[in-house]
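Asker: quick one: sequence plus predicted model below, questions after.
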Amino acid sequence: MVNIDCRPEETSPVAEMRDESLFFLFSSVTRIKGLGAATGQALARLLPAGTSASGSNVPIVRDLLFHLPVNLIDRRFTCPLSEAPDGVIATFIVEVDSHHPPSAGYRGGKRPYKVECSNDSGTITLIFYHAHTDYIKQSLPLGSTRVISGRTEHFDHRLQMSHPDIITTVDKIQNVQTQEPVYPLTIGLTSKRIGKYVATALEKLPDFPEWIDASFPPFPDFPDWKSALRKAHHPETAEDLMPVSAARKRLAYDEMLANQLYLAILRRNMQRQASVVIKGNGTLSGKLSASLPFTLTQGQLDVLKEIYADMESGRRMGRLLQGDVGSGKTIVALFAMLRAAEQSLQSALMVPTEIIAQQHYETLTKLTAGLGIKVGLLTGSVKGKARQAVLEEIANGTITIVVGTHALFQEHVIFSQLALVVIDEQHRFGVAQRMALTAKGNTPHLLHMTATPIPRSLTMTMYGDMDCSLLKEKPAERLKITTRVIPLSRYEDMMDRMKEVLGKGEKIYWICPLIEEKETEGELELTPDNDIAAAETRFTEFKTRFGGIVGLVHGRMKNDQRDGEMKRFASGETRLLVATTVVEVGVDVRDATIIIIEKAERFGLSQLHQLRGRVGRGSKPSSCVLLYSDRASEVSRSRLATLRDSDDGFMIAEADLQIRGGGDLLGSRQSGLPRFIFTHLIEHRQLLEQARQDATEFLKKDPELHSARGKALSTLMQLFG
Ligand code: ADP
Ligand code: MG
């Protein structure tokens with residue numbers, strides 16, 4: 001008897017004990033000399049919350065040190081006043097010639113306070129709006145010589161400087177003519193102060209043993225960690241701020257190495273677990289092959305080979321199957337599950353929503369008709385006696401394949417012989433949740449399927465704990481979906497077209513980027529150029545236009561309410577479905593022929609590609625309309641054109657990554673992507689490959705991290721832990 005329970009639990013492959021050398025880095029920032037409680041609170045608005053024993057949210061020293069400057073002010077520049085360019089930060093030594101307090105301007109407005117200054121190379125006027133007269137008089141006494149530093153500008157061919165950043169005496173010029181790092185800030189903090197705390201903390205930084213193997217350098221002449229961190233906080237040129245600078249590359253490499261080691265250890269731990277040997281005998285899969293109206297593509301066959309090999313190995317399978325929308329993953333999963341069934345072993349297919357569970361249940365029931373095995377459905381809405389019956393049949397083995405939502409695993413469902421768990425469309429699962437699933441006593445084989453076509457670099461960081469299979473080609477006879485990119489100003493044309501299509505009995509998805517966020521003052525306008533394309537607003541509007549055939553689903557609905565709406569749409573009771581991106585994943589309404597996406601420029605390309613996959617699933621020609629608002633930039637329009645011109649999910653994902661970077665790729669809501677601090681997924685791709693190789697190779701040599709480098713790497717993982 002197997003009992004699956006996969007509520008998340010804390011598990012870490014890295015020892016819980018923290019190296020002493022890390023204590024300072026992991027203590028509260030208030031441990032830094034001169035940094036008080038108030039500053040600690042201010043920093044809490046800027047940095048991740050600390051995890052001090054006191055339970056306070058004051059950030060830790062490490063996170064302050066990981067907070068890198070984003071810009072640089074170079075005050076070293078100076079020149080003759082008469083030759084000063086416009087709009088540069090410059091420092092000058094000048095004499096104060098005259099003060100011109102503002103006279104009351106007309107219409108009551110105040111004119112600025114002006115101070116005329118000069119040196120033998122020219123003149124400059126200092127301008128102060130709303131300034132305290134006393135302060136100006138004190139800091140710029142008539143006839144004195146002063147150092148001023150700030151941004152130059154010209155007005156009426158005269159050089160001036162508004163509100164100099166620095167006014168001081170000549171003996172302090174050394175302190176002025178420097179390069180100042182500029183940090184991301186919050187109220188109550190200045191870059192200068194952050195710089196000061198960072199400098200203090202850097203002084204107390206312990207020396208760590210080098211964890212990079214000099215014989216496998218990430219790049220030639222890489223700096224050590226401490227110098228890299230120092231350098232990153234003291235940029236001298238604009239290049240120093242770039243991800244490709246040596247310092248930042250080093251820090252990023254360390255981060256990626258820690259990440260890849262962590263994942264490699266997870267993967268190894270998984271592979272170390274024994275699991276039942278599944279060889280099958282080909283009886284059921286043979287029957288299925290014979291009854292299918294199509295033959296498997298070469299891609300599907302190749303992937304199955306990999307899966308079968310895992311299942312036969314005696315070690316636990318942990319495999320990711322990546323395949324674009326419509327590439328035919330379900331059938332692959334079914335073949336794998338039949339293999340298990342041939343040995344009277346059970347499989348579970350877990351999907352994200354009830355409606356998809358229902359769909360898969362129906363599909364699998366149809367496909368397995370005549371094979372003599374029973375498919376069961378277990379979701380939240382299977383209740384009472386029916387539920388009891390299903391639970392019983394799962395426990396006594398009558399049901400061989402059970403389809404369900406994650407409710408399947410949250411309760412104590414007892415299986416008789418569970419050997420394979422398939423998780424479909426679960427890119428919302430991060431590594432942590434996956435671990436919770438695998439950390440249990442029993443060890444069924446695991447197959448994860450995702451339609452999110454993510455580029456390899458992201459796969460490595462998101463799914464590096466698993467082996468990956470790729471389903472590249474799609475079944476040949478798939479109808480092409482026409483994609484059009486149209487400005488929102490053609491809204492009325494769109495309405496006419498929709499009316500026509502609905503008149504023919506077809507179905508339409510209308511996707512809005514946001515649901516009504518808050519009650520704004522007064523009513524939301526019902527115009528197409530309204531800034532927030534609220535699904536609820538559209539719904540109301542379309543009901544007036546098209547009558548009772550309009551449905552609405554959005555993320556804030558209760559699950560059963562949403563599923564009810566989806567069912568009405570699937571059955572044809574409603575035929576125009578206004579939706580937020582909840583329809584994105586896996587929903588299969590075959591006779592939907594048009595999907596219209598409003599403010600398409602707000603979505604990630606991959607997300608749009610997924611949405612597009614909701615149509616073109618039946619026999620009728622389908623189309624996808626990307627409506628962009630007239631305010632959309634040239635860049636975003638050309639992004640949309642990428643989508644119009646390609647239906648290759650991987651190519652689109654690459655393009656998306658190039659344009660938007662990793663974080664936004666999947667839409668913030670559903671990315672299981674780790675948040676990197678130093679790593680730039682595009683600029684550091686090469687390094688990521690290398691870090692992966694480094695981690696994998698090293699673990700082969702020293703799986704328990706016992707060697708000197710192993711210990712150093714363990715410190716590294718704790719540093720980023
Ligand atoms: P996805 O990978 O998006 O989950 P599905 O598994 O839902 O794709 O498959 C989409 C459709 O393609 C299904 O109707 C399925 O029966 C069909 N299909 C799968 N494999 C093939 C194939 N080799 N040839 C033709 N049609 C196929
Ligand atoms: Mg699918």
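Answerer: Structure received. Ligands and ions are numbered 1, 2, ... in the order given.
Asker: need the longest helix for this protein.
Answerer: Scanning the chain for the longest helix, with DSSP state H as the assignment, gives helix 246-272.
Asker: just give me how far that one sits from the chain centre.
Answerer: Distance of helix 246-272 from the chain centroid (Cα atoms, centre = their mean, to the nearest Å) equals 18 Å.
Asker: and if you look at stretch 308-326?
Answerer: 25 Å.
Asker: for that stretch, how far is the first residue from the last?
Answerer: With Cα to Cα, to the nearest Å as the measure, stretch 308-326 spans 22 Å from end to end.
Asker: pairing partners for the helix or strand harbouring residue 401, with directions?
Answerer: Per DSSP states H and E: residue 401 is located in strand 399-404. Each strand paired with strand 399-404, and its direction, by DSSP bridges: strand 346-350 (parallel), strand 374-378 (parallel).
Asker: which residues touch the residue lying farthest from the centre of the chain?
Answerer: Residue farthest from the centre of the chain, counting by Cα atoms, centre = their mean, is residue 143 at 58.5 Å. Counting by Cβ atoms under 8 Å, 6 or more residues apart in numbering, residue 143 makes contact with 95, 96. (Glycine included, C-beta is placed from N, CA and C.)
Asker: now residue 278
Answerer: 311, 312, 339, 340, 343, 345, 419, 420, 445 are the contacts of residue 278 under Cβ under 8 Å, 6+ apart.
Asker: not counting sequence-adjacent ones, nearest residue to residue 124?
Answerer: residue 159 (4.7 Å; Cβ to Cβ, 6 or more residues apart in numbering).
Asker: please identify the residue of the stretch 451-600 of the chain positioned nearest to ligand 1.
Answerer: In the stretch 451-600 of the chain, the residue that lies nearest ligand 1 is residue 475 (3.3 Å; Cβ to the nearest ligand atom).
Asker: can you pull the buried residues of the longest helix of the chain?
Answerer: For helix 246-272, a neighbour-count test (16 or more other Cβ atoms under 10 Å) marks 246-267, 269-271 as buried.
Asker: state the next helix or strand along the chain beyond that helix.
Answerer: That would be, after helix 246-272 and using DSSP H and E, helix 283-291.
Asker: packing partners of the helix or strand just after that next one?
Answerer: Going down the chain from helix 283-291, the next helix or strand is helix 298-312, by DSSP H and E. The helices and strands touching helix 298-312, judged by 3 or more Cβ pairs under 8 Å, 6 or more residues apart in numbering; DSSP states H and E, are strand 318-323, helix 329-341, strand 445-450, strand 467-471.
Asker: go ahead and measure how far helix 298-312 is from the middle of the chain.
Answerer: 30 Å.
Asker: list the buried residues of that helix.
Answerer: Applying 16+ other Cβ under 10 Å to helix 298-312 flags 299, 300, 302, 303, 304, 306, 307, 308, 310, 311 as buried.
Asker: orientation of it relative to helix 246-272 in degrees?
Answerer: Orientation check (axes from the mean of the first three to the mean of the last three Cα atoms, to 10 degrees): helix 298-312 against helix 246-272 gives 60 degrees.
Asker: and helix 298-312, what's its mean pLDDT?
Answerer: What helix 298-312 shows for mean pLDDT is 95.
Asker: what does stretch 24-32 give?
Answerer: 91.
Asker: ok now it, how far from the chain's centre?
Answerer: In terms of Cα atoms, centre = their mean, the centre of stretch 24-32 is set 29 Å apart from its chain centre.
Asker: residue 179: what's it in contact with?
Answerer: Residues in contact with residue 179 (Cβ under 8 Å, 6+ apart) are 72, 73, 74, 75, 76, 234, 235, 236.
Asker: tell me the spacing between it and residue 203.
Answerer: 19 Å (Cβ to Cβ, to the nearest Å).
Asker: try residue 709
Answerer: Residue 709 sits 27 Å away from residue 203 when distances are taken as Cβ to Cβ.
Asker: so which of the buried residues of helix 298-312 would count as near ligand 1 as well?
Answerer: Among those, proximity to ligand 1 is found for residue 300 (Cβ under 6 Å from any ligand atom).
Asker: any chance of the buried residues of helix 298-312 in a markdown table, plus distance to residue 289?
Answerer: Output for the buried residues of helix 298-312, formatted as a markdown table (distance: Cβ to Cβ, whole Å):
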| residue | distance to residue 289 |
| --- | --- |
| 299 | 16 |
| 300 | 11 |
| 302 | 16 |
| 303 | 15 |
| 304 | 11 |
| 306 | 18 |
| 307 | 16 |
| 308 | 14 |
| 310 | 20 |
| 311 | 18 |
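Asker: from the buried residues of helix 298-312, which two are the most distant?
Answerer: 299 and 311 (18.8 Å; Cβ to Cβ).
Asker: wasn't residue 95 part of a strand?
Answerer: Yes. When classified by DSSP: H, G, I helix; E, B strand; the rest coil, residue 95 is found to be part of a strand.
Asker: for it, name its beta-bridge partners.
Answerer: Here residue 95, judged by DSSP bridges, has bridge partners residue 118, residue 145.
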